[in-house]
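Asker: Just a sequence and a predicted model for now, questions to come.
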Amino acid sequence: MKESKRLLAVDILRGITIAGMLLVNNPGSWSHLYRPLEHAEWIGLTPTDLVFPFFIFVMGVSMYFSLRKFSFRLSKDLLFKIVRRTVVLFLIGWAVQWFGMWLRGLYNPDAHFWTDMFGRLRILGVFQRLALVYFFGSLIVVLFNQRLIPWLIAGLLIVYAFVLGMGNGYEFSLDNILSRVDIAVLGENHMYHESAFGEKLALDPEGLLSTLPCIAHVLIGFMVGKCLTSIHDNRDRIVQIAVWGSVMLLVGWLLQYGIPCGKKAWTSTYVLITCGMASCILAMLIYFIDIKGHKRWCRFFQSFGVNPLFCYLVGTILAIAFGAVRFGMDAEGNPVTVHSILYQAWEAVMPTAEAASCMYAITFVLITWGFGYILYKKKIYIKL
């Protein structure tokens, strides 16, 4: 049986995660969230908590294919590529924030853009986390023997679990080691303030210390990418990936009774459970798409999967513009925006505010998909 050099299933899983990230980040109303589209308040796991770790997992899979072109050897060209991409992702993360500050400042005379541009800039975030895990993950795989990587993954997860356990890392408080490190290094004005249990604290879900398990996360994806390349028969690939995915899922599930599972602290069990689930889903997609040939249903996600970060960036910019650009004020004195127009249109026809909020999110994903579909049809691939 002749196998395709490129597995469509990898693109589809990547596309599903981007669509999911846009869906959960853009509800019609944060006060009326559709339950499955809501993050766990602190410790716990919901469907929404799966999308970002799935993307980091697939990022690791793709990293294997990318670094294989350099024979996994550090060179000037490879180092330049790694540093350039890291810097670009950081700058994009900051530029998106600056764009939001500037746009909102146009309608708020009390805003001080030039003061807030650096004084209240959130240093870390989604793009910045991707930059860090790509940078350190890439250096590890080209500087270390690949046989040592599973041991390094285990070491990172064990050390991180120990640090959280000794540093109140599972508590939602300013005594949490995650908060203390970020406040000391970044400063409270440059952090995301997380809300839980009726409180809002300087506890960044994309903080410095919690980047450690994310590096393990991307390395697990890297090892799955190696498995996809070293095993040439798709059925054998499925068995191997599904078995290891099931092992990670089971181990993570059993360990969570001592090491709680939660996205906002990116705990070690969270890494194992989400990587295990991502591996099993990837195996399932390979079976249905690359073996059985059921491809028609997944064309929608392929448009996201071939330009993932660009589509996510477009969606992020659209979300800011939809909520910030005003077309006047309504009878109650609230600003009229694209966001309010679309959400109110769904409120008029849906039975509950939660359903309207969900339909707005779906509408937003479809609008963003339109940009990705144009690039897909024109075979334009933008790498960030």
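Answerer: In hand now; what should we look at? Numbering: from 1, shown residues only.
Asker: what secondary structure does the most centrally placed residue in the chain sit in?
Answerer: Most central in the chain under CA atoms, centre = their mean is F52, positioned 2.7 Å from the mean C-alpha point. What DSSP: H, G, I helix; E, B strand; the rest coil gives for F52 is helix.
Asker: Which element, helix or strand, includes the residue nearest to I241 when sequence neighbours are not counted?
Answerer: Closest residue to I241 apart from its sequence neighbours, by CB to CB, 6 or more residues apart in numbering: A283 at 4.5 Å. Yep, even glycine has a C-beta here, placed from its N, CA and C like the rest. Using DSSP states H and E, the element containing A283 is helix 268-285.
Asker: Any figure for the gap between the closest residue in space to the residue nearest to the centre of the chain that isn't next to it in sequence and F364?
Answerer: In this structure, F52 finds its nearest non-sequential neighbour in M21, 6.4 Å apart by CB to CB, 6+ apart. Relative to F364, M21 is positioned 12 Å away (CB to CB, to the nearest Å).
Asker: Mind jotting down where the helices sit in this protein?
Answerer: 8-25, 51-68, 76-106, 113-119, 126-143, 149-166, 177-185, 211-230, 234-255, 268-285, 299-305, 308-324, 338-347, 353-377 (DSSP state H).
Asker: looking at the ones you listed, which has the lowest confidence?
Answerer: Lowest mean pLDDT within those: helix 113-119, at a mean of 77.
Asker: Report the distance from it to the chain centre.
Answerer: Here helix 113-119 shows a centroid-to-chain-centroid distance of 27 Å under the convention CA atoms, centre = their mean, to the nearest Å.
Asker: neighbouring contacts of it?
Answerer: Helix 113-119 is contacted from outside by W98, M101, W102, G105, N189, using CB atoms under 8 Å, 6 or more residues apart in numbering.
Asker: one more time with 10 Å
Answerer: Helix 113-119 has contacts (CB atoms under 10 Å, 6 or more residues apart in numbering) with 94, 97-98, 101-106, 112, 187, 189-190.
Asker: And stretch 365-374, by the same measure?
Answerer: Residues external to stretch 365-374 that are found in contact with it (CB under 10 Å, 6+ apart): 15, 18-23, 26, 299-308, 310-319, 322, 338, 342, 376, 380.
Asker: Can you select the buried ones from these in PyMOL?
Answerer: Applying 16 or more other CB atoms under 10 Å to those leaves a buried subset, and the PyMOL line that selects it is:
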select buried, resi 15+18+19+20+21+22+23+26+300+301+302+303+304+305+306+307+308+310+311+312+313+314+315+316+317+318+319+322+338+342+376
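Asker: What does L45 show for phi and psi?
Answerer: Here is the backbone geometry of L45 (degrees, to the nearest 10): phi -140, psi 130.
Asker: residues near it, how many?
Answerer: By other CB atoms under 10 Å, 19 other residues sit near L45.
Asker: How about L366?
Answerer: Residues lying near L366 (other CB under 10 Å) number 13.
Asker: Relative to L23, how far out is it?
Answerer: Using CB to CB, L366 is found at 10 Å from L23.
Asker: C-alpha coordinates for stretch 349-361, CSV please?
Answerer: Presented in CSV, the C-alpha positions along stretch 349-361 are these (Å, rounded to 0.1, in the frame of the first residue of the first chain):
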residue,chain,number,x,y,z
VAL,A,349,-34.1,34.5,17.2
MET,A,350,-32.4,32.2,19.8
PRO,A,351,-34.3,30.9,22.8
THR,A,352,-31.6,31.8,25.4
ALA,A,353,-28.8,34.3,25.7
GLU,A,354,-26.3,31.4,26.0
ALA,A,355,-27.5,30.0,22.7
ALA,A,356,-27.2,33.5,21.1
SER,A,357,-23.7,33.8,22.5
CYS,A,358,-22.7,30.4,21.0
MET,A,359,-24.2,31.3,17.6
TYR,A,360,-22.3,34.6,17.6
ALA,A,361,-19.0,32.6,18.2
